[in-house]
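Enquirer: Pasting the sequence and the predicted model now:
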Amino acid sequence: MAVAGNWRKWLTLETGLLLFAVLYPLVPFVDLAADAADLSVHLDQRLVTIFIYGLLVVALNVQVGYAGLLQLGVAAFFGIGAMTTGVVTVDKYPFHFGFWGALLAAPAVAALAGLFIGAPTLRLRGDYLAIVTLGFGEVLRTVLVNLENITDGPRGLNPVAEVWVPGFVKELAGAGDDNEARLLVMYYVALLVLVAAVVLLHVLERTRIGRAFVALREDELAAACMGLDPGRIKLAAFAGGAALAGLAGALYATNLTTTADPTNYDFNNAIMVLCCLILGGLGSLRGALLGAALLIGFDNVLSPLLDKGIAALAGETQHPLAKYSAWRWFVFGAALIAMMRFRPEGLFPARRVAQELREPTNARAAEPEAS
Amino acid sequence: MFETIAQQLLLGLTNGMVFALVALGYTMVYGILEFINFAHGDVFMLSAFFALTLVGWFAVPGMDGAMLAGALLGIVVATTLFGAGVNWSVDRLVYKPLRKAPKLAPLVSAIGVSFVLQNVGLIWGALKMDVFGGGGQPAAPKSFPALLPTTNLLNSNTLTLQVKDVLVIAASLVIMAGLYLLVTRTKLGKAMRATAQDPQTARLMGIDVDAVIGATFLIGGGLAGFAAVVYALYINTVYYQMGYQNGLYAFTAAVVGGIGNIPGAVLGGLLLGLVRALSDQFIGAQWQPAVLFGILILILVFRPAGLLGSTAREKV
Amino acid sequence: MSAPLLDVRKLTLRFGGLVAVNAVDLQVRQGEIAAVIGPNGAGKTSLFNAITGIYEPTSGEVLLAGQDVRAPLTPRVYASWLGAGLLMAMLAMVSVANVDGLWAATIKMRAPWDFTVSGAAVDGWRYMSAEPRVEPKFGKFLVVSFDGAQVRGQHIVRADAERQRDQLAAEPADPATTRALWFRLLAAIGGLAVGALGARAMWYRNRRSPQSVALQGVARTFQNIRLFHHMTVLENVLVGMDRHLHRASIGRGAAADAALAGAVPRRGSLDYLLPLAAVSALTGLGWFTGDGVDDETAPTVLLAVFVVAALLWMVRIFRNKALSAAGCVVEAVARQEAMELLRFVGLEARASDLAKNLPYGEQRRLEIARALATRPKLLLLDEPAAGMNPAESVELMHLIRAIRDGGRTVLLIEHHMRVVMGISDHITVLVHGTQIAHGTPEEIRNNPKVIEAYLGTEDAEAHG
């Protein structure tokens, strides 16, 4: 069959990673290793975080990478998704949509918010847009913190509806207890959503919408003179990216079973996501995913290990700087600077964006001699 | 009611002066390089830490009279130089190699610098000095000793105009007037304006564009350093994230006034300070970011070039 | 006689003190090749920019086939302003009335199982009109004033509380309540104003936009070539075709059928059946053995198979199916058309090269192909022969004639006098933004004013 016929074509980095991700929770000894390293949380839960951030980075990629809109408010849409999930699923509100309902509602609400913030800012140039979206993020965080009656403030809404899959039986997964079963389902659902989003965008890149994004990024005026409506395309990017970020928010809240403290959706978070995208490579799906894996993986898996290592070396000092997390933003900031200086296209760049970023701004097609 | 509003307007005026000083740094850099120096707010923050360190180092709170005034003057000068130096070094080290890169590169780098500087601030807060509370809690706000006299100049119980208010406003006005003279009357100012209009042509006319950019960063950083001392003396709190929030407000002020426009930055700063004071009083301090950024969004919808700016046309 | 295709009336464009275009009149009829000439800085490109909606003229108008190119002020536009205004009014009113309190009064007030939409609507109305309302607390019911302060005692039975609430509502309202209501009204009016005016401001700013002019059938090239440099030649043309890329544009006929047949790959039904079978088998297994399995490894392996199959299935379905459904067919047809256009301008051999790698003359032709891809009625060419050698110029003249013969109208700016004189039906001469002459090439050649304007520079211009 087709699968067997050209199996070599399937043997790529992506399928390899996908297979690893799919099979990973089924291999028990990895977690045993984690236990040995004395990590309090199992690695697969950290992987879920990576999937969720991967989705978030892919979402940001739609706006920054495809459409070239430097958007610093991605965390706000993430937060809207999470909060929507909380509101429509918690017991104390009368909506009770359940997990799958929330998975539809969260991106819808986030997309609406994207349109709402996108519409008045369409004419703004890059850096102005960055500031407005940043401001929007700040406004949203303020609103979430202050509307305590709705959001429960810093405590967050909980418990958010549990993830479930039709026909899933706990014993089938070979999981010991309820919690472990929930984690396992969460793992696969997050993976599935991520893969679906990536495949969707992969297709999108090759359609007229993807082409319109590139045209807009390269020369907005020329694109407009060809009849492309820059406003509409930007709005599409805004709404689409926001919807994906909202989806990530829904998964995040479900995974934590709470909408958590609104400061989780602040500017630092947006920068972290931007870091992932720039590290991986603007405009490249593979880059976005690997960037998320590297950075969030580093932050979530390696940095606790680092902290432990430092503690083991230096003894149990209580000095506030004697741990990696005190230097975290230093590392991120320096990484951003270094990337922009030495490899602005990221580690796994999209061919086209790489050329655009490598080329000095004034090296467009040589002007003719004055005629 | 009247007294409340008057008091808030006064507070807004003083705060607005600080915003305006920081906004000037944003606007000058933007005018020349068309790039938002995200890290500018953090230069402001580091300067405040520097001033606090000096205060602790020389045991300033123990002084009085002429000694105190002299020490304060020294701290102001030293911090201004410090801010200028930090801003200039950041430009040389980070932004200069990216002059010809697409606009995204310096902007993202500036975000990176902002985070690095914030982390530096966090580490600085861990110094084992009394003024830093022994350094045990780097992230906690540090209190900056109240060194300025707080005598009420008005003969009123409800309305206060302290000596420190007057000092802050007067000092800021002097600095702004100096900047205005510098930009309009000196050769450097002329070179800066020429570079802002058209760097290519300015270069052809024999202006050392790099030196002008360097001078811009020096002046902007100096203003931030000066503003930091003023802010610390006035608000009496210093913490590592103060640059982020105040920087954003100052940037908003620059945009409101029309970015790239020096009087615009001052106007925007004052307006923003006043709005902030009034909204804190009548809407609630917890809604402060929402109100200020709401204004930013409104301005950009109705008058994208700001109050005093003019729209630039794209060359086709 | 019908209206000219392009009718520029008294168009003036002023930048600060500089008058770039001064009361220019220009008519181009269907099927003509017209030219605008003039020394450098005469305002020719500014005129193009004003026609194509990049610049807003200071005064004067641009008509296309008798219609103003600006978007008309239809009732729908008014409705959209009103809509934006109402949305903002609602937001402003709700935020002044305190969203948090409104939420508490409508959603949180009753237990989830007691919640009804109509009840919430009534409660919301009461809250917004600052009437007292009944709130449950610890199994009792309180009558609460609009700002949440308790006003009347506790009742075990809801009906008692509601009776008391109605009594209270009948009493005259206190000044604080009235003030709050006025404030809400004020906020609503303000929101309405901000929303409607904002929408209006944005509409006016976008009233004459390059894209709307382009959609009305005007395409252009640029003096300083503005291709999408990092896209391939073919992609550049496809961007130009974007507005025609939908299913309806394929049409019927043998070519369309062939394209359809070629674009959708045939696939075996096993591709669908296999994962489906796996899913159903596993689901069935799960249901049957759900309570009786104590073997731990078998289900684990089965689950893995299920997930792998499902993922592969999704990837395949999306990749192939979605590609064809979401426009692959249209794409295939569009690619053929784009290739034809490239053949027309002589670039078919370079279809897959990056635009920036083309030599200069070919970039100019690619820009023409990209503009033609929008199927324009009127094609504006801004110095198409700039930087071309004589042989290329001759080719270009043939190309422009062929475009005209294809039923399109051409207006060009050009300095090459041989090109201008050779192909134009009529010529307009601009000097310092002002029109000094208009006529056939023969008339222009002999016009003393034109000769004066060009005196001494004609040689340089003609060979530049």
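Expert: Right, received. Where do you want to start? Numbers count the residues shown, from 1 in each chain, chains lettered A, B, ... in the order given.
Enquirer: what stretches of chain A score poorly on pLDDT?
Expert: For chain A, the stretches with pLDDT under 70 are A:1-12, A:25-44, A:126, A:166-177, A:316-318, A:358-371.
Enquirer: Double-check B:Ala196 against B:Gly31; I have them as touching.
Expert: Yes. Contact status for B:Ala196 versus B:Gly31: in contact at 4.3 Å, counting by CB atoms under 8 Å. In this view, the C-beta of every residue, glycine as well, is placed from N, C-alpha and C.
Enquirer: Find residues that contact each of the two.
Expert: Residues touching both B:Ala196 and B:Gly31 (CB atoms under 8 Å, 6 or more residues apart in numbering or on different chains): B:Gly260.
Enquirer: Pull stretch C:82-91 out as PDB, backbone CA atoms only.
Expert: Extracted in PDB, the C-alpha atoms of stretch C:82-91 (Å, rounded to 0.1, in the frame of the first residue of the first chain):
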ATOM      1  CA  LEU C  82     -23.300  52.000  14.300                       C
ATOM      2  CA  GLY C  83     -22.400  48.500  15.100                       C
ATOM      3  CA  ALA C  84     -19.000  49.400  16.300                       C
ATOM      4  CA  GLY C  85     -20.500  52.300  18.300                       C
ATOM      5  CA  LEU C  86     -23.100  50.000  19.900                       C
ATOM      6  CA  LEU C  87     -20.400  47.400  20.800                       C
ATOM      7  CA  MET C  88     -18.200  50.100  22.400                       C
ATOM      8  CA  ALA C  89     -21.300  51.600  24.200                       C
ATOM      9  CA  MET C  90     -22.100  48.200  25.600                       C
ATOM     10  CA  LEU C  91     -18.600  47.600  26.700                       C
END
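Enquirer: Please identify the buried residues of that stretch?
Expert: C:Ala84, C:Gly85, C:Leu87, C:Met88, C:Ala89, C:Leu91 (16 or more other CB atoms under 10 Å in any protein chain shown).
Enquirer: what does stretch B:112-130 give?
Expert: B:112-127, B:129.
Enquirer: now check that stretch, is it near chain A?
Expert: Yes. Stretch B:112-130 is in contact with chain A by CB under 8 Å from any CB of the partner chain, via B:Gly112, B:Val113, B:Ser114, B:Phe115, B:Val116, B:Leu117, B:Gln118, B:Asn119, B:Val120, B:Leu122, B:Ile123, B:Ala126.
Enquirer: Stretch A:90-106 vs chain C: in contact?
Expert: Yes. Judged by CB under 8 Å from any CB, stretch A:90-106 and chain C are in contact via A:Asp91, A:Lys92, A:Tyr93, A:Pro94, A:His96.
Enquirer: which residues does C:Ala130 contact?
Expert: C:Ala130 neighbours (CB under 8 Å, 6+ apart): C:Phe146, C:Ala173, C:Thr177, C:Ala180, C:Leu181.
Enquirer: Of the residues you listed, which belong to helices?
Expert: Judged by DSSP state H, helices contain the following of the contacts of C:Ala130: C:Thr177, C:Ala180, C:Leu181.
Enquirer: want to throw these into JSON lines with pLDDT, distance to chain A and neighbour count?
Expert: As requested, the ones in helices among the contacts of C:Ala130 are exported to JSON lines (pLDDT from 0 to 100; distance: CB to the nearest CB, whole Å; neighbours: other CB atoms under 10 Å in any protein chain shown):
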{"residue": "C:Thr177", "pLDDT": "81", "distance to chain A": "21", "neighbour count": "17"}
{"residue": "C:Ala180", "pLDDT": "84", "distance to chain A": "18", "neighbour count": "17"}
{"residue": "C:Leu181", "pLDDT": "87", "distance to chain A": "21", "neighbour count": "16"}
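Enquirer: and which of these is nearest to B:Leu52?
Expert: C:Ala180 (45.1 Å; CB to CB).
Enquirer: Show me what the helix or strand where C:Ala402 lies is packed up against.
Expert: Using DSSP states H and E, C:Ala402 sits within helix C:390-405. For helix C:390-405, the packing partners by 3 or more CB pairs under 8 Å, 6 or more residues apart in numbering or on different chains; DSSP states H and E come out as strand C:33-37, helix C:329-345, helix C:360-373, strand C:409-413, helix C:417-423.
Enquirer: Check these for me: which has the lowest mean pLDDT.
Expert: Lowest mean pLDDT within the helices and strands packed on helix C:390-405: helix C:329-345, at a mean of 85.
Enquirer: Mind checking what secondary structure the closest residue to B:Lys164 other than its chain neighbours has?
Expert: Excluding its sequence neighbours, the residue lying closest to B:Lys164 (CB to CB, 6 or more residues apart in numbering or on different chains) is B:Leu148, at 3.6 Å. Here B:Leu148 is coil, with the state taken from DSSP: H, G, I helix; E, B strand; the rest coil.
Enquirer: how many neighbours does B:Leu148 have?
Expert: Per other CB atoms under 10 Å in any protein chain shown, the neighbour tally for B:Leu148 reads 19.
Enquirer: how much space between it and B:Val163?
Expert: 7 Å (CB to CB, to the nearest Å).
Enquirer: Check C:Gln435 too.
Expert: 69 Å.
Enquirer: out of these two, which sits in the more crowded spot?
Expert: In terms of neighbours (other CB under 10 Å), C:Gln435 is the more surrounded of C:Gln435 and B:Val163; the figures are 21 against 13.
Enquirer: Touching the helix holding C:Ala402 from outside, list them.
Expert: For helix C:390-405, contacts defined as CB under 8 Å, 6+ apart pick out C:31-33, C:344-346, C:361, C:364-365, C:368, C:372, C:379, C:381, C:384-385, C:388, C:410, C:412, C:416, C:418-419, C:422-423.
Enquirer: Buried only: go through those residues for me.
Expert: C:32-33, C:344-345, C:361, C:364-365, C:368, C:372, C:379, C:381, C:384-385, C:388, C:410, C:412, C:416, C:419, C:423.
Enquirer: Also near chain A: which of those, exactly?
Expert: C:His416.
Enquirer: circling back: nearest to C:Pro72 among the residues of stretch B:112-130 next to chain A?
Expert: Using CB to CB, the residues of stretch B:112-130 next to chain A come closest to C:Pro72 at B:Ser114, 47.6 Å.
Enquirer: so the closest one is in which element?
Expert: Counting by DSSP H and E, B:Ser114 is found in helix B:104-124.
Enquirer: How about A:Thr142?
Expert: Per DSSP H and E: helix A:126-146 holds A:Thr142.
Enquirer: Same question for B:Leu11.
Expert: Short version, using DSSP H and E: B:Leu11 is in helix B:2-33.
Enquirer: Okay, angle between that helix and helix B:104-124 too, please.
Expert: Following axes from the mean of the first three to the mean of the last three CA atoms, to 10 degrees, one obtains 130 degrees for the angle between helix B:2-33 and helix B:104-124.
Enquirer: Please state the offset of helix B:2-33 from the chain centre?
Expert: 9 Å (CA atoms, centre = their mean, to the nearest Å).
Enquirer: Can I get the buried part of the residues of stretch A:90-106 next to chain C as one ChimeraX selection?
Expert: A single ChimeraX command selects the buried members of the residues of stretch A:90-106 next to chain C (16+ other CB under 10 Å):
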select /A:93,94
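Enquirer: nearest to A:Gly231, of the residues of stretch A:90-106 next to chain C?
Expert: A:Tyr93 (36.0 Å).
Enquirer: quick one: that closest one and C:Met109 touch, right?
Expert: No. Counting by CB under 8 Å, A:Tyr93 stays clear of C:Met109, with 11.4 Å between them.
Enquirer: quick one on the thing from earlier: how about JSON lines for the contacts of C:Ala130, with distance to A:Arg123 added?
Expert: Formatted as JSON lines, the contacts of C:Ala130 follow (distance: CB to CB, whole Å):
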{"residue": "C:Phe146", "distance to A:Arg123": "41"}
{"residue": "C:Ala173", "distance to A:Arg123": "46"}
{"residue": "C:Thr177", "distance to A:Arg123": "43"}
{"residue": "C:Ala180", "distance to A:Arg123": "37"}
{"residue": "C:Leu181", "distance to A:Arg123": "38"}
